[in-house]
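K.L.:
Sequence first, then the predicted structure, then my questions.
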Amino acid sequence: MTILEINNLNKSFGGLQAVQDVGFGVEEHRIKAVIGPNGAGKTTLFNLISGTLPFDSGSVVFKGEELRGLKPYQIAERGMARTYQNIKLFPGMSALENVMVGRHTRSRAGFVAGMLNLPATGREEAEIRGKAMELLGLLEIEHLADIEAGSLAFGQQRAVEFARALAAEPAMLLLDEPAAGLNMNETAEVARLISKIRDLGITVLLVEHDMSLVMDISDEIVVLSFGQKIAEDLPAAIQQNQEVIEIYLGGGDD
Amino acid sequence: MAALQYVTWQLPMTSELFLQYIFAGLTYGIIYAIVAIGFNIIYNTTGIINFAQGEFVMLGGMIAISLNPLMPLPLAIVLAVLITMMVGALIEIVFIRWLDKPSVLRLIIITIGISILIREAALHIWGEGIRSLPYFIGNEVSSVSILGTRISPQVLWVMGVCTVMVILLSLFFRYTLMGQKMQACAANRTAATLCGINTRNMVTLSFMLSAGIGALAGCVMSPITYTQYDGGTGLAIKGFTVAIMGGLGNSMGAVAAGLLLGLLEAFSVSVLPLAFQDAISISILLVILFVRPHGLFGRRDTAALKEF
Amino acid sequence: MKRFLPLLALLALVISIQLLTQWTGTTYYLTQLTMSGYYAVVIIGLCLLMGYAGQISLGHAGFFAIGGYMSAMLTTRNLISFQNQDWVVLLDKFGLLAARQDLYGEAILAFQPWLAALIAIVLAGTIALIIGIPVLKLKGHYLAMATLGFGIIVYRVFLASEIFGEADGISGVPGFPLLPGVIVTGSFGARVGNYYIAWTLVIVAMVMLINLINSRVGRALRAIHGAEEAANAMGIDTARYKLKTFVLSAVLAAVAGVFLTHYNGGIGPSEAGVMKSVRYVALVAVGGMANLWGALIMGVTLNFLSLRGFFGSYDDAVFGAILIVIMLFAPEGLLRLNLAAKLKKLFSGGSRK
Ligand SMILES: Nc1ncnc2c1ncn2[C@@H]1O[C@H](COP(=O)(O)OP(=O)(O)O)[C@@H](O)[C@H]1O
Ligand SMILES: [Mg+2]
């Protein structure tokens, strides 16, 4: 079943057409990768899907619902979570608190409940905390729980951001270059983790530069160049695709 | 701020009265434009909105008033402008220059603090009383006839001096090396630094310049609007309104917006009690902020490039 | 519960100060401590908005004044000359009006303080809601100027309206009977009782705000402050949270305004002035922005000194200087400087982390 369906998506910044007539579908419980040289429009595409930027024309249908005009938080409420290419943690909050924020859509205490600290609110807090700790455990960073997010090492920040996105128990996860800036060991770790996430039943849409990672774990690959989709196929086929090879050799990327 | 005294409201709108309103509006309008340009100069080089901008105007007037008994009026004014420019430079050097990537909130609060200190200092030095410079030519009752209506020559002084300032400033930014360097800072500080421009000094200069034009405006307007220690806040709000209306950073826009606001205010006197006059410009400010934060004349996408 | 230990300490402090003044015969200090308490309610509310949600307001004195002025106007406006008109009769029949005599023995028929307070607070909250929707879309300088502009309009309206007493403000405001025998009033005999009323309000407000910042909502607010875009992408309706926080802090300011006005027996336009708003911001800043206890401690201390006339004619200048010095040298607030950090660990309930 297709969980995400993108049709003829367009976005321009002034004169620059950053995303042009892009369309593809993502099957449920799969890992789909979007690759392409720097500036190809991958991050912009993610921003359009997650509602961070409005698109000019086209459509994004998630779980059968058109997302046009929805705010990012509304899209998150519908089961989509994301990470950022240049990590956006909440500074001044601990790693644990960051992940707890990720539980927002899965909890409900509002202003009144919060001010009165009702018993039910206390129970919910405990549940949020428990779940967040569990996720820190999954990523093997429980020991960092109380450390301020901004003072963590780069790799650790990535892990926290991962945990934060997972805390929402999303149906779909958008990962923007999750291995950027990581060493080989960490990258392998991330690859295992993404497969594990897929096995948990979460659909993954992934932007990544590390070809070995992409080829290893993706079920399908979309290639963007200058905002346009130039190929969509299985990893093995993409590796043989002449146009793709040319772009990657001539594009001066990486 | 005291309204122009000779405009009394509730008179039938004769063509004579109409012209009076026009002149009153233009006089205040050009002053607002100068304050707005003061905001713009600092904003362009630093990204700071200097909440103490109105205090420069007050300070210029007050200093000139104090110096006037000791020396000829023109000299007093020149000295007042120079002293206010020093104050502007000092503020930048003492409070702003050494901050490392300060947040907007921090800068807002610091410049608000500065404006309070200047105002309180003025209160302790000059007291609460309303003061004014003498009329540059003649006195309260002298007038010249223009288009069949009689207006005070001081009105012409205000309009003349402010117009000359606007023209000189735009020439300065366009044709002098210093002005172009400041423009370069405005466009891209990092690039400007790389080109060997001392951006820090440009910032100091922008504070001096904006203090200087504020002070001069404060001097020429003093005979008709009077000078009081707390006159800066109202001026700052209106100047800011005008700066926003014209598009933040756009000085020609500020002139047009200033005249527009001045005229609106002048004519509002005929329908609204004086006390609500300030509320008008603030309401305009609020509406513009909500509807067109990039200004009446600006383009949305160029405004979007600026960081707030 | 750990987070309430400091509150117990505060309660103990409040009681011991009262006993101390009793013992040393200095109960006159209680008057300024009562007033400082009410101002502190404004300040901790603003602390939630500025420190936690990250939204500056240079118009909070406006909300305080709306609360105070409305309550004052409704409880002093004499309806006796309308007493035969239908609407007055109707209001009276529902027990919404109170008859009393003023100082000169003149009969006064005006709104019940309870109703007046309610109307005042609801009005302040509604105004906050209405202006908050557009204002909170703005950021940085724009937000600062827009809230400042709002504050100035409120000030001008009170200053220029005959019904609000113009430059004189409103005096002769009656006491506010909260419960039988518990009256918010400045009358001499009620000094000790009113000290406790004010500080009960402070403690109640503190409990609610401490609960709030330690809840899901508090986390969401800090997330908005830290990285608004990411917060939104995590499912937080950022606009709504900011708005609710704005309204909540406006309501707290209005409540303080109502109480202090009944305590003082009047209110004047300076309460709505820009300097008041700036002062509230200054006190939140000295307290350390995202630090309720800091805001409370600094707010009460400095307001107390100010009310005692400690700063003389340099009152406003002192707050201006405080603003600059804090923002230049300790933007995290005084209490964040290392020595206090240790103390703060003990009292870590209210401040974050
Ligand atoms: N907010 C924006 N405003 C203007 N241009 C943008 C913006 N975001 C991205 N771009 C431009 O769009 C193009 C695509 O960028 P991006 O989506 O970040 O590429 P990728 O993630 O594939 O490296 C680039 O040329 C970039 O400069
Ligand atoms: Mg990218």
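P.N.:
Here it is on my side, so go on. Ligands and ions are numbered 1, 2, ... in the order given.

K.L.:
The residue of the stretch 1-150 of chain C found nearest ligand 1: neighbour count?
P.N.:
Here the stretch 1-150 of chain C gets closest to ligand 1 at one residue, C:K139, 16.4 Å apart by CB to the nearest ligand atom. Using the backbone N, CA and C atoms, a C-beta is placed for each residue, glycine as well. Other residues lying near C:K139 total 16 when counted by other CB atoms under 10 Å in any protein chain shown.

K.L.:
quick one: it and chain A, what's the gap?
P.N.:
16 Å (CB to the nearest CB, to the nearest Å).

K.L.:
before we move on, what about C:G287?
P.N.:
16 Å.

K.L.:
so which helix or strand takes in the residue of chain A found nearest ligand 2?
P.N.:
Ranked by CB to the ion, the top residue of chain A for proximity to ligand 2 is A:T43, at 3.2 Å. A:T43 is part of helix A:42-49, with elements assigned from DSSP states H and E.

K.L.:
Contacts made by that helix with the rest, please.
P.N.:
Here helix A:42-49 makes contact (CB atoms under 8 Å, 6 or more residues apart in numbering or on different chains) with A:4, A:6, A:9, A:11, A:18-19, A:22, A:34-36, A:52-55, A:60, A:62, A:67, A:75, A:80, A:82, A:85, A:174, A:176, A:205, A:207, A:224, A:227.

K.L.:
Drop anything exposed from the residues you listed.
P.N.:
A:4, A:6, A:9, A:11, A:18-19, A:22, A:34-36, A:52-53, A:55, A:60, A:62, A:67, A:75, A:80, A:82, A:85, A:174, A:176, A:205, A:207, A:224, A:227 (16 or more other CB atoms under 10 Å in any protein chain shown).

K.L.:
Those also near chain C: which ones?
P.N.:
Among those, proximity to chain C is found for A:T52, A:R82 (CB under 8 Å from any CB of the partner chain).

K.L.:
Identify the residue spatially nearest to residue 52, adjacent ones excluded.
P.N.:
Looking at chain A here, since you left the chain open. Excluding the flanking residues, the one nearest A:T52 by CB to CB, 6 or more residues apart in numbering or on different chains is A:P72, at 5.5 Å.

K.L.:
Oops, wrong one, chain B.
P.N.:
Nearest non-adjacent residue to B:A52 (CB to CB, 6+ apart): B:S115, at 3.8 Å.

K.L.:
again with B:T204
P.N.:
B:E92 (4.8 Å).

K.L.:
swap in C:A231?
P.N.:
Nearest to C:A231 is C:A223, by CB to CB, 6+ apart, at 4.1 Å.

K.L.:
from what I can see A:F24 touches A:E232, true?
P.N.:
Yes - at 5.5 Å, A:F24 counts as touching A:E232 under the criterion of CB atoms under 8 Å.

K.L.:
Mutual contacts of the two, please.
P.N.:
With CB under 8 Å, 6+ apart as the test, A:F24 and A:E232 both reach A:V222.

K.L.:
For the helix or strand containing C:L74, which residues meet the burial criterion?
P.N.:
Element membership of C:L74 [criterion: DSSP H and E] is helix C:60-76. In terms of neighbour count (16+ other CB under 10 Å), helix C:60-76 has its buried residues at C:60-76.

K.L.:
From A:P37, how far off is the residue nearest to B:A52?
P.N.:
For B:S115, the distance to A:P37 equals 51 Å [CB to CB, to the nearest Å].

K.L.:
Pass me the low-pLDDT residue ranges in the stretch 51-200 of chain A, would you?
P.N.:
In the prediction, the stretch 51-200 of chain A carries no residues with pLDDT under 70.

K.L.:
Residues of it that sit close to chain B?
P.N.:
Counting by CB under 8 Å from any CB, no residue of the stretch 51-200 of chain A is near chain B.

K.L.:
Tell me where the stretch 51-200 of chain A has helices.
P.N.:
Ranges of helices within the stretch 51-200 of chain A are A:72-77, A:95-102, A:111-116, A:119-138, A:154-167, A:184-199, based on DSSP state H, counting those that start in this stretch.

K.L.:
Any residues of the stretch 51-200 of chain A in contact with ligand 2? List them.
P.N.:
A:Q85 (CB under 5 Å from the ion).

K.L.:
any idea what the residue nearest to C:A231 is structurally, helix, strand or coil?
P.N.:
The local conformation at C:A223, judged by DSSP: H, G, I helix; E, B strand; the rest coil, is helix.

K.L.:
Phi first, then psi, for the residue of the stretch 1-150 of chain C closest to ligand 1.
P.N.:
The phi/psi pair for C:K139 (degrees, to the nearest 10) reads phi -130, psi 160.

K.L.:
Can you pull out the low-pLDDT segments for chain C?
P.N.:
Using pLDDT under 70, chain C drops low at C:1, C:333-353.

K.L.:
Please, where are all the helices along it?
P.N.:
For chain C, the helices defined by DSSP state H cover C:5-24, C:29-47, C:60-76, C:86-93, C:113-135, C:140-160, C:191-213, C:216-226, C:228-233, C:238-264, C:274-287, C:292-307, C:315-329, C:338-346.

K.L.:
Now render those helices as TSV, adding distance to ligand 2.
P.N.:
Below are the helices of chain C laid out as TSV (distance: least, CB to the ion, whole Å):
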stretch	distance to ligand 2
helix C:5-24	46
helix C:29-47	38
helix C:60-76	41
helix C:86-93	65
helix C:113-135	33
helix C:140-160	27
helix C:191-213	35
helix C:216-226	22
helix C:228-233	15
helix C:238-264	23
helix C:274-287	38
helix C:292-307	40
helix C:315-329	36
helix C:338-346	40
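
K.L.:
Would you mind finding the most buried of these?
P.N.:
Stretch with highest mean neighbour count among those: helix C:60-76 (a mean of 29; mean count of other CB atoms under 10 Å in any protein chain shown).

K.L.:
So which elements touch that helix?
P.N.:
Contacts defined by 3 or more CB pairs under 8 Å, 6 or more residues apart in numbering or on different chains; DSSP states H and E place helix C:60-76 against helix C:29-47, strand C:107-111, helix C:113-135, helix C:140-160, strand C:170-171, helix C:238-264, strand C:266-267, helix C:274-287.

K.L.:
Relative to the fifth one, what are the paired strands and their orientations?
P.N.:
Pointing back at strand C:170-171 there. With DSSP bridges as the test, strand C:170-171 is paired with strand C:266-267 (antiparallel).

K.L.:
any idea how far the strand it pairs with is from the chain center?
P.N.:
15 Å (CA atoms, centre = their mean, to the nearest Å).

K.L.:
How about the contacts made by the most centrally placed residue in chain B?
P.N.:
Geometric centre of chain B, nearest residue: B:V35, 1.4 Å, by CA atoms, centre = their mean. Contact analysis of B:V35 by CB under 8 Å, 6+ apart lists B:Q53, B:G54, B:V57, B:G214, B:A217, B:L235, B:A236, B:K238, B:G239, B:V242.

K.L.:
With adjacent residues omitted, what lies nearest to it?
P.N.:
What sits nearest to B:V35 in space, not counting adjacent residues and going by CB to CB, 6+ apart, is B:G239, at 2.8 Å.

K.L.:
need the contact list for that neighbour.
P.N.:
Per CB under 8 Å, 6+ apart, neighbours of B:G239: B:Y32, B:I34, B:V35, B:A36, B:G38, B:F39, B:Q53, B:G54.

K.L.:
can you tell me the helix or strand for it?
P.N.:
Per DSSP H and E, the secondary structure element for B:G239 is helix B:231-246.

K.L.:
is any part of stretch C:148-164 close to chain B?
P.N.:
Yes - Stretch C:148-164 is in contact with chain B by CB under 8 Å from any CB, via C:L148, C:G149, C:F150, C:I152, C:I153, C:R156, C:V157, C:L159, C:A160.

K.L.:
So what touches that stretch?
P.N.:
By CB under 8 Å, 6+ apart, stretch C:148-164 touches B:233, B:237, B:273, B:275-276, B:278-279, B:282-283, B:285-286, C:58-62, C:65-66, C:69, C:73, C:77, C:131, C:135, C:166-167, C:169-170, C:269, C:272-274, C:277.

K.L.:
Restricting to C-alpha, output it in CSV.
P.N.:
Output of stretch C:148-164 as CSV, limited to C-alpha atoms (Å, rounded to 0.1, in the frame of the first residue of the first chain):
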residue,chain,number,x,y,z
LEU,C,148,5.1,48.6,23.2
GLY,C,149,2.6,50.3,20.9
PHE,C,150,-0.2,48.4,22.6
GLY,C,151,1.0,49.5,26.0
ILE,C,152,1.1,53.1,24.9
ILE,C,153,-2.4,53.0,23.4
VAL,C,154,-3.7,51.6,26.7
TYR,C,155,-1.9,54.3,28.6
ARG,C,156,-3.3,57.1,26.3
VAL,C,157,-6.8,55.8,26.5
PHE,C,158,-6.8,55.8,30.3
LEU,C,159,-5.1,59.1,30.4
ALA,C,160,-7.6,60.7,28.0
SER,C,161,-10.8,59.1,29.2
GLU,C,162,-13.0,61.1,31.5
ILE,C,163,-14.6,57.8,32.8
PHE,C,164,-11.1,56.7,34.0
